[in-house]
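Q: need a 3D model of the following:
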Amino acid sequence: MGLEIRHNRAENTHENVQFRRVSLLLLKLFEQKSWDGIFIGNPFNENFMGFRADAILLYNYGLLIIDFKDYQGTLKLPEIENDFTDQKWFIENDLDKERVELKGGANFINPFRQLKYYRQIFFDIVYSNLFLGKDINPSRTCAVNILSGPIKIINKIPGNLPYYKIIQENEFPDFLYDFSSENKYSKDCAKSLSTIFQSDVWENRQIKLIKSSTKPDIIHLNENIEKKIVNFLQKDSNGLLVLKSMDSDVRDKWMKYILNESINYNIPQSEVWGYSSRICGKLRNRLDMSLQSCFSAIYGGDPILENNDEEIQTEEESRTQEIREIVPIKTDNEIDNASLIVIHEAHLISRSLQQSDLLRFGSGRLLEDLMNFLNIEKNKRKIIFIGDPYSITYGRYEDCSLNIKTLQDLYNGEIISHEDEPNENNHDGILGMRTKIALNIKNENFNLLQYHWKNDELVQIEQKETENYIQLWFKDNLAQEPKHINLVYKNKDAKKINKLVKLNCLKNGEELNKGDLLIINNNINIPDLTGFGSPTKLNSGMFLYVQEIVERVEYEQFLKKNDLKPIILKFTKVKVQCNSLIHKKEVEVWLLDNYLISDDNYLSKEEQIAFRILLNERIKDYEKEHPFKKSEFYLNLINDNNYIQTGSLESELIEKLASGERVKTLLEDIKRKKRKIVRNYKKKYRQNIIRLIRMNDPFANAIYARYGWAITVHKAIGSQFSKVILNADYGESKGIANVEYFRWLYSALTSTSVCYVVNSQKVHPFYKSSFDIDNSLTKNLISSKKILLMYNNYVIPNDYQSIVSSLDNDNVIGAVCELSKLLSNEMIYIREINKKSDYLTKIHFFKKGDENTDIIFEIYNKGKKDNGSVSSIRIEDNGGVDIKYLNNKINRLFNEFQNNNKSSVFPSDFRGDVYKTWIKNAHKDGFNIDFISSHPYQDLFRINSDSQYGEVRMWYNGKGFFTKIEIQVNEKSNLDKKIITWIKAIYK
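A: Numbers count the residues shown, from 1 in each chain. Okay, the predicted model is just below:
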């Protein structure tokens, strides 16, 4: 059987990369050892929302819950047990000595607490499944942090935690070989895990890459976009064109131009599709033209039940059975084989998995289903994706249809890509802010974020001012979609603001009441009860205005027969006006109160099961009222030729068996065949009932809603507001110097014409740098102080290749060679080199003509912290040579190195502008700053005036940030304060 690998693409690239590397290691190991197992990457189940481990591995000797971490360096674990579990962990980068917090995801203080939480939830997962509960002991499940490495761990994991491990990737196979527990691999357990955590079969893309040498290159368009569009339309073959711009007017112009031009090139069918009905409605208002929803374009037909082939064995299973329907992909008969499909606002189209408790469209991955539906590799269809490359999307941006690598996974033909460059001349206001963020995203540079405020457009406000705006905007009931809104990152923050609106503005109490504004978070169907109308479909993101509270009901659901405390599901029937529909239709709907009052955007695990039980009970009630034998399915069964023939043959065999003939085996086969026919019709019967319940039952169509005066930025995608108040605080655990925050902020600004910002966040190169002050510097020390010698990537002269072959430190090698060059002018040559330790090397010289001369130099170098740089060279034995002469050679070596590295030309990266501004600030106070030298991850400066002097060493990393500023000044000087002031003045 070997190793079965399944995977859901993770949001973080490093998790996908690490999963690939580990998968390749496991494939080799399992093949060598003839092991069996299942390895699931990014496992996810909506019933266990809190379980977000990066991977699960079940194999012959155990079950592991895995979390990947992309870290290298020295990890010093807390020595005290309580600190190990309750304090932050830090890892030190061996290269630049930056001390980085080793986080436990977004919600946990350290990696151990994160995996401990996942492991606790895994107990519930095990006990909720028959086979896992029987064969798996969750207390023997091992929680493993796999670090990319290399890492060095100082201190041990507490001995009372035998089932928690920290391992670097290349040691993982050895760990699996040594590890053993009572949990063992079985087919039933593997199937249970793959069913609970549904995911795609992992493909080794490396194999595909070998075959892709013939794949056409991507064509990048830099100019004359219209000509390129025409060339694309003229092609008598299939193809993909991807057009990206941050300007919605430009995107709309492209789309309209394409439609107009397509007529000129005999394209038989041109259509424009948008993400959903709601988004298409927004685009219709903007474009003054109708678009078709991707969902209505590619999905249709009779829904099928997920897991429809599984038989329900017990009453308990029937109570909690999942009843998710799958709407299949339609046939493409309505789409011409040479058609053109334009996907507008394509940044919303993703291959990320999307499904609800009751419904899934196709595979749940819209982009993949779209490509499968159009199947352009087997016809002459063309697809054009037009979208904003800097916006957040539904799912992960890596899965977005604007991502060329994602499209290459789904299509082997030519992909043409053009991106409209952001206009760097946009400076102030929302457009200027969006442009700067877009450039940062494009350049993958997240070390600078500054607001450029503009009156009446981009305005900074204090938290106390927000109440005035909220009063002004929401004091009157909203009988239309809101033009003004509050945007936040967390649902909890939205809940607090919405509560404030109810209590302080509307003054209608904490509970749901008349005058409230709601936003829907699911898709529902409201049947027409008059016989004259049509069903009303309400989609996620639509706004409802509550006109009347009609009725409230509660249902008590015991999850298990012996439970003492029920889960209470609360429903409220309300009369609402559908503000997002053109005609503002009024309908009565049921709301699930449990969802409305929850802190986060989902029900608890227990509430989800209780809701599923409620729906299954309603299905059972319907079956009692409309039994199978009175249904059209039973009528079709008894008229089925196979059923009739099988029944006739069964009767004959029963008579033969009664007369003594040996037909028992054949009779059993016929009975099984007959039962299978009956079972298929009963499944169709049940599937039809579930479809009817989902379409018509008011509780199956209960709205999952939140109050609508404050929503998350993700919920606001595709909407456009006149004014918003943006809480720019993203949450401390998430961090803001990253692409996720920059996309989030960009998307928030994109959704409005006027933005009032509270809790504005700033990022600059000194964002998290620390200052180290030393007041012991003297003039004698600064004048005599030797710089550290660093010879990175030193090219060894041919004459010295064999001499220095025993050395492995480039800095020592460079120092030896350069010193030898200076001494060779006086006929002094190297006799031998002795490496005494990692920090000391001795070189023996002799003078030509006097072979017995033994001149000994000691070369001292630093450790990893200072990149092994040479700190000093001393004379141990002058061998009769003038010691002053030898010291002069040492001084000359250091002086030449310093002069060669001292430059008025600043680095070309982010440091250059920083240093220029810093020096300019110092000049204003009468100080000169000399740029002495630059080495990997550190720059040295000397500062002086008539009476004060000092040195500054700037440490930086490869991400655009200064990590540490070391300042040395004389004892009575206040120069250190001035230096810090000059630095802080760079980014006021």
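
Q: how many residues are close by residue 488?
A: Using other C-beta atoms under 10 Å, residue 488 has 26 other residues around it. All C-beta atoms are positioned from the backbone trio N, CA, C, and that covers glycine.

Q: for the closest residue to it other than its chain neighbours, phi and psi?
A: Leaving out its chain neighbours, the residue that sits closest to residue 488 by C-beta to C-beta, 6 or more residues apart in numbering is residue 727, at 4.7 Å. Per-residue torsions, residue 727: phi -80, psi 100 (degrees, to the nearest 10).

Q: residue 727: neighbour count?
A: Residues lying near residue 727 (other C-beta under 10 Å) number 23.

Q: that one and residue 710: what is the separation?
A: As judged by C-beta to C-beta, to the nearest Å, residue 727 and residue 710 stand 9 Å apart.

Q: list the residues that contact both of the two?
A: 486, 487, 488, 493 (C-beta atoms under 8 Å, 6 or more residues apart in numbering).

Q: just flag the most distant two among those residues.
A: 487 and 493 (9.8 Å; C-beta to C-beta).

Q: more crowded one of those two?
A: Neighbour count, other C-beta under 10 Å: between residue 487 and residue 493, residue 487 has more, with 28 against 17.

Q: what helices or strands is whichever strand or helix holds that one leaning on?
A: For residue 487, the host element (DSSP states H and E) is strand 484-488. When contacts are defined as 3 or more C-beta pairs under 8 Å, 6 or more residues apart in numbering; DSSP states H and E, strand 484-488 packs onto helix 466-474, helix 491-500, strand 710-712, strand 721-727.

Q: chain center to the following helix or strand past the second one, what's the gap?
A: Scanning the chain past helix 491-500 towards its C-terminal end, the next helix or strand to appear is strand 517-520 (assignment: DSSP H and E). Here the centre of mass of C-alpha atoms in strand 517-520, compared against the chain's by C-alpha atoms, centre = their mean, to the nearest Å, lies 27 Å away.

Q: what do you get for stretch 274-291?
A: Distance, centroid of stretch 274-291 to centroid of chain: 28 Å (C-alpha atoms, centre = their mean).

Q: where do the strands sit along the stretch 351-500 of the chain?
A: Using DSSP state E, counting those that start in this stretch, the strands of the stretch 351-500 of the chain run over 359-361, 382-387, 415-419, 458-460, 484-488.

Q: and the longest strand seen in the chain, what's buried?
A: For the chain, the strand with the greatest residue count under DSSP state E is strand 543-557. For strand 543-557, a neighbour-count test (16 or more other C-beta atoms under 10 Å) marks 543, 544, 545, 546, 547, 549, 555, 557 as buried.

Q: now that strand: mean pLDDT?
A: If you average the pLDDT over strand 543-557, you get 93.

Q: pairing partners for that strand, with directions?
A: Here strand 543-557 has these sheet partners by DSSP bridges: strand 517-520 (antiparallel), strand 567-578 (antiparallel).

Q: mind saving the C-alpha coords of that strand as CSV?
A: Provided in CSV are the C-alpha atoms of strand 543-557 (Å, rounded to 0.1, in the frame of the first residue of the first chain):
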residue,chain,number,x,y,z
PHE,A,543,-27.9,43.6,3.6
LEU,A,544,-31.3,43.2,5.3
TYR,A,545,-33.3,45.8,7.2
VAL,A,546,-35.4,44.4,10.1
GLN,A,547,-38.9,45.7,10.0
GLU,A,548,-40.6,43.4,12.5
ILE,A,549,-39.8,40.6,15.0
VAL,A,550,-42.4,38.0,14.2
GLU,A,551,-41.7,35.0,16.4
ARG,A,552,-39.0,33.3,18.5
VAL,A,553,-38.5,29.6,19.0
GLU,A,554,-36.0,27.3,20.7
TYR,A,555,-35.0,23.7,20.0
GLU,A,556,-33.2,21.6,22.6
GLN,A,557,-30.9,19.0,21.0
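
Q: next, the angle from it to strand 484-488.
A: 50 degrees (axes from the mean of the first three to the mean of the last three C-alpha atoms, to 10 degrees).

Q: per-domain residue ranges of this protein.
A: Recorded structural domains for the chain (assignment: automatic domain parsing) are 3-206, 215-421, 794-901, 904-987.

Q: how far is the last one from where the chain is centred?
A: Per C-alpha atoms, centre = their mean, the displacement of domain 904-987 from the mean C-alpha position of its chain is 37 Å.

Q: what of the second one?
A: When C-alpha coordinates are averaged (C-alpha atoms, centre = their mean), domain 215-421 and its chain have centres 21 Å apart.

Q: tell me the mean pLDDT for that domain?
A: pLDDT averaged over domain 215-421 gives 83.

Q: before we move on, what about stretch 666-675?
A: Mean pLDDT, computed over stretch 666-675, is 92.

Q: how about that stretch: buried residues?
A: 667, 670, 673, 674.

Q: in the sheet, who's paired with residue 538?
A: residue 524.

Q: ok, it to residue 100 distance?
A: For residue 538, the distance to residue 100 - C-beta to C-beta - is 46 Å.

Q: again with residue 351
A: Using C-beta to C-beta, we find residue 351 at a distance of 32 Å from residue 100.

Q: more neighbours: these two, which one.
A: Under the neighbour definition other C-beta under 10 Å, residue 351 and residue 100 were set side by side, and residue 351 has more, 27 against 15.

Q: check contacts around that one.
A: Contacts for residue 351 were tallied using C-beta under 8 Å, 6+ apart; they are 9, 365, 366, 367, 368, 395, 399, 406, 410.

Q: and for residue 456, the neighbour number?
A: Using other C-beta under 10 Å, residue 456 is surrounded by 7 other residues.

Q: now the closest residue in space to it that isn't next to it in sequence, what's its secondary structure?
A: Closest residue in space to residue 456, ignoring its immediate chain neighbours: residue 754 at 6.8 Å, by C-beta to C-beta, 6+ apart. Put simply, residue 754 is strand when judged by DSSP: H, G, I helix; E, B strand; the rest coil.

Q: contacts only, for residue 754.
A: Residues near residue 754 by C-beta under 8 Å, 6+ apart: 430, 456, 457, 458, 459, 722, 723, 724.

Q: can you tell me which of those residues lies closest to residue 78?
A: Ranked by distance to residue 78 (C-beta to C-beta), the contacts of residue 754 are led by residue 724 at 43.3 Å.

Q: isn't the closest one right up against residue 482?
A: No - the pair residue 724 / residue 482 is not scored as a contact, 9.8 Å apart, by C-beta atoms under 8 Å.
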